[in-house]
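Undergrad: Need a 3D model of the following:
(4 chains)
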Number of protein chains: 4
Amino acid sequence: MYEKEKQLLYEAHLTLEKYGLVAYTSGNVSLRIDDKVLIKPSGVPYSSLKPSDMVLVDLGGKILDGNMKPSVDTATHLYLYRNIEWAKSIIHTHSTFATVFAVREKPLPVLCTAHADVFGEEIPITEYAPVGSEAIGKAVLKVMGKSGTVLLRKHGVIVVGTSIEDALKKAIFLEEVAKMSYFALAKQQVTPLDIDEINKLHQQYHTKYGQ
Amino acid sequence: MYEKEKQLLYEAHLTLEKYGLVAYTSGNVSLRIDDKVLIKPSGVPYSSLKPSDMVLVDLGGKILDGNMKPSVDTATHLYLYRNIEWAKSIIHTHSTFATVFAVREKPLPVLCTAHADVFGEEIPITEYAPVGSEAIGKAVLKVMGKSGTVLLRKHGVIVVGTSIEDALKKAIFLEEVAKMSYFALAKQQVTPLDIDEINKLHQQYHTKYGQ
Amino acid sequence: MYEKEKQLLYEAHLTLEKYGLVAYTSGNVSLRIDDKVLIKPSGVPYSSLKPSDMVLVDLGGKILDGNMKPSVDTATHLYLYRNIEWAKSIIHTHSTFATVFAVREKPLPVLCTAHADVFGEEIPITEYAPVGSEAIGKAVLKVMGKSGTVLLRKHGVIVVGTSIEDALKKAIFLEEVAKMSYFALAKQQVTPLDIDEINKLHQQYHTKYGQ
Amino acid sequence: MYEKEKQLLYEAHLTLEKYGLVAYTSGNVSLRIDDKVLIKPSGVPYSSLKPSDMVLVDLGGKILDGNMKPSVDTATHLYLYRNIEWAKSIIHTHSTFATVFAVREKPLPVLCTAHADVFGEEIPITEYAPVGSEAIGKAVLKVMGKSGTVLLRKHGVIVVGTSIEDALKKAIFLEEVAKMSYFALAKQQVTPLDIDEINKLHQQYHTKYGQ
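TA: Here you go, the predicted structure:
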């Protein structure tokens, strides 16, 4: 059942590991299929993860298929799917420099064109919310903007995508711009991009870029 | 003899190298099997290491099997196995950012949920102790808390695990949180997580996470 | 048509990814062949890119061969080819530490011999110019020196090469020297190399180095 | 002729690349065989380097075997072989954090036990000397201590080894300790290891460590 989707979700986890955004067992990706959600099993190291390990749950969290316990972050993912119609895939990581901003309790400002292109806004930060319940989902919804990308205070990152590729792209670019921005800001005050330029770049990127 | 365990121990060394926690010949992993200990041979580069190179010693350090000299840190490992009943695997590395804290002579504070989840406490630091004797083992025991993870002053890291997977996970996550914490702290004072929240997260992680 | 060149251009993209100068879909390389230009298709992740995806355009931007949309930066590349006779290959990246200098709105000074050898000058920075038009090409021409390497303000990097190997080499060395220079400059004022020494090293490197 | 040695030297170059100490064409390794020296050809990218590309020269620099031009740093290597009897292999890199110290014109102090073990002294720095002549060799000899490892002012690193493995190990550990030391020192004054402890660790490491 859903073998193609399980393979796709498995490969998305390997992509996160390849880019160094997750380590050993950390992080997780989910994929909405109609009114069901496929998600990573809890606590399985990437080196032993298999496509068939992916767990299928309904939007209320009931396990429909799979021999493993789903991610402890499943309730967060499901809350977001129930409340964001366009959400097709969600990624959670503790990628290093995005988490540095989350731990410093600061949004990530728009310092370069790539940030403006992909996200179109500074990345907001949630209030602190405990792991493993709907609290994180609620905190995300309160601050989430058009980028679908949010820093979790003292915790990590949530990325909501219109597809697994869209979520992957935002998770990867978030860490890229967070790392660059950290080192740019470390030395001195840096002037962010102008808001009109941000909007223009984002609009252009989302209409002209790609196939 | 113990071919499966030698293979497992060999693979653990490669995992440390893959994550960049060790380099060329540095670091070592051991595995307790009843009243014996398998450990890395001394000074063998990872690129030429073989499962059959692993050395079997008794808890007093007598070589029982193997053609190579065991790690110069063997006395440290054995002291810890003799004094910590639950210790099944021990990892020693000089992973970069954990060692930065060790060299700065500072414990690693709990700044994010992943740290609280896995370790449940700030990572303590030992007094300075010379390499290659029981002195490091004794210094570790003096400060070791529930995480089984300790910074060695001006030296590196010791991780004690309930299994080889547990030790690997803590060694990998330690460097992840040390790197993130270093850069978060580099810019300004950052507020650690609340102690009650740390305890709650750790408790939850160790009862609900994983298969 | 141009199968060998498409393969070469494809491999150049993989080289950029291997060195971590691009991520997922970012960055692009082009190659001039007489009065035509081969360039990366827009928005295709590196993991699914194929040699046959490369798009052939004329110097005015008309698509001559290929089933995909060319890079959104095509107009920039073409402007530079039309105005720089010796340009045979152009690379655009957002490599992290080069972009840190671009975002801090600072040229990259010559701090070490490798910088002097390969580039022979501090890397200049353009005025800010919007993505996707000839404006970036014009801004590059205004400041470009003998290195053919330019920081794009609040954006990234353009490298113009006499061959695909020359462009790759400059893109890779730029990030190497930018990273080293960033950390050297982060701690204190550092004295740049003397201008006569820079000129001597550059001259020597471009007459004696290589096969 | 010398096929085994050419293979060994080729693999040493790949090891440097694997650890990120060299990039594209930078850096070089040589190996003394009696009164001859095998060395990397000039300007050949690592991805296309072959064992048979290695160039054999005599101690005066005369090419004895090989179709390629030897490294532009050949005169430096030969000067050191002529003047250091125990030198069997020499490595030159611009590895990032070692070069940061070289550009900041500071020796690398002994902050951790791994540094004391392998090097037994702070890594000295030469006066500035131009590339491609004996001047660098002379500057190295003036400051070189028992570690055989020297920072080249505003340039990079020279490592002299008793074997290719010894040189590789020192080149790899130098960058490890330079990176860790940079970040440890970036935040505040850090107390170096005591000189007696350094001497004791170095002595112990060079008598008890390894097979």
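
Undergrad: For chain A, what lies in contact range of chain B?
TA: With the criterion set to Cβ under 8 Å from any Cβ of the partner chain, chain A comes near chain B through A:23-26, A:41-45, A:47, A:68-69, A:72, A:94, A:96-97, A:99-100, A:102-105, A:130-132, A:154-156, A:182, A:185-186. For every residue, glycine as well, the C-beta is placed using N, CA and C.

Undergrad: Following element in sequence after the helix or strand A:Leu78 falls within, please.
TA: Secondary structure assignment for A:Leu78, by DSSP states H and E: helix A:74-83. Next helix or strand after helix A:74-83 toward the C-terminus (DSSP H and E): strand A:89-93.

Undergrad: and after that following strand, which helix or strand comes next?
TA: Criterion used, DSSP H and E; the element after strand A:89-93 is helix A:96-103.

Undergrad: just for chain A, where's the confidence low?
TA: Along chain A, the model assigns pLDDT under 70 to residues A:132.

Undergrad: Can you give me the buried ones in stretch A:16-35?
TA: A:16-17, A:19-32 (16 or more other Cβ atoms under 10 Å in any protein chain shown).

Undergrad: Of the residues you listed, which belong to strands?
TA: Among the buried residues of stretch A:16-35, the members found in strands (DSSP state E) are A:28-32.

Undergrad: residues in contact with the residue in chain A that chain C sits nearest to?
TA: With Cβ to the nearest Cβ, the shortest gap between chain A and chain C falls at A:Gly210, namely 2.8 Å. By Cβ atoms under 8 Å, 6 or more residues apart in numbering or on different chains, the residues touching A:Gly210 are C:25, C:42-44, C:69.

Undergrad: give me the beta-bridge partners of A:Pro70?
TA: When assigned by DSSP bridges, A:Pro70 has beta-bridge partners A:Pro41.

Undergrad: isn't it right up against A:Ile63?
TA: Yes - with contact defined as Cβ atoms under 8 Å, A:Pro70 reaches A:Ile63; the gap is 6.8 Å.

Undergrad: Need the overlap of contacts for those two.
TA: Residues touching both A:Pro70 and A:Ile63 (Cβ under 8 Å, 6+ apart): A:55, A:57.

Undergrad: Which elements pack onto the helix holding A:Leu78?
TA: strand A:28-33, strand A:36-39, strand A:89-93, helix A:135-143, strand A:156-161 (3 or more Cβ pairs under 8 Å, 6 or more residues apart in numbering or on different chains; DSSP states H and E).

Undergrad: so what strands line up beside the second one?
TA: So that's strand A:36-39. By DSSP bridges, strand A:36-39 pairs with strand A:28-33 (antiparallel), strand A:55-58 (antiparallel).

Undergrad: now the last one, how far from the centre of its chain.
TA: Using Cα atoms, centre = their mean, to the nearest Å, we find the averaged C-alpha position of strand A:55-58 to lie 19 Å away from the chain's own average C-alpha position.

Undergrad: Buried residues, that strand. List them.
TA: For strand A:55-58, using 16+ other Cβ under 10 Å, the buried residues are A:55-57.

Undergrad: Following element in sequence after the host helix or strand of A:Leu168, please.
TA: Applying DSSP H and E as the criterion places A:Leu168 in helix A:164-187. For helix A:164-187, the following helix or strand on the C-terminal side (DSSP H and E) is helix A:195-208.

Undergrad: OK, contacts around A:Leu193?
TA: Contacts of A:Leu193 by Cβ under 8 Å, 6+ apart are A:110-113, A:115-116, A:201, C:154.

Undergrad: Now for the residue lying closest to it once chain neighbours are set aside, how many residues are close by?
TA: Spatially, and ignoring its direct neighbours in sequence, A:Leu193 is nearest to A:Val110 (5.0 Å; Cβ to Cβ, 6 or more residues apart in numbering or on different chains). Residues within reach of A:Val110, counting by other Cβ atoms under 10 Å in any protein chain shown, total 25.

Undergrad: Then A:Val110 would be within a strand, right?
TA: No - when the secondary structure is assigned by DSSP: H, G, I helix; E, B strand; the rest coil, A:Val110 falls in coil instead of a strand.

Undergrad: That one against A:Thr191, yeah?
TA: No - using Cβ under 8 Å, A:Val110 makes no contact with A:Thr191, being 10.7 Å away.

Undergrad: just to revisit the earlier point, from the helices and strands packed on helix A:74-83, which stretch is densest packed?
TA: Neighbour counts (mean count of other Cβ atoms under 10 Å in any protein chain shown) averaged over each of these peak at strand A:89-93, with a mean of 27.

Undergrad: circling back: any chance of TSV for the helices and strands packed on helix A:74-83, columns distance to A:Lys4?
TA: Below are those laid out as TSV (distance: least, Cβ to Cβ, whole Å):
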stretch	distance to A:Lys4
strand A:28-33	10
strand A:36-39	11
strand A:89-93	14
helix A:135-143	27
strand A:156-161	18
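
Undergrad: Now do the helix holding A:Leu78 against strand A:156-161, angle only.
TA: Counting by axes from the mean of the first three to the mean of the last three Cα atoms, to 10 degrees, helix A:74-83 lies at 40 degrees to strand A:156-161.

Undergrad: got the buried residues for helix A:74-83?
TA: Neighbour-count burial for helix A:74-83 [16+ other Cβ under 10 Å]: A:74-81.
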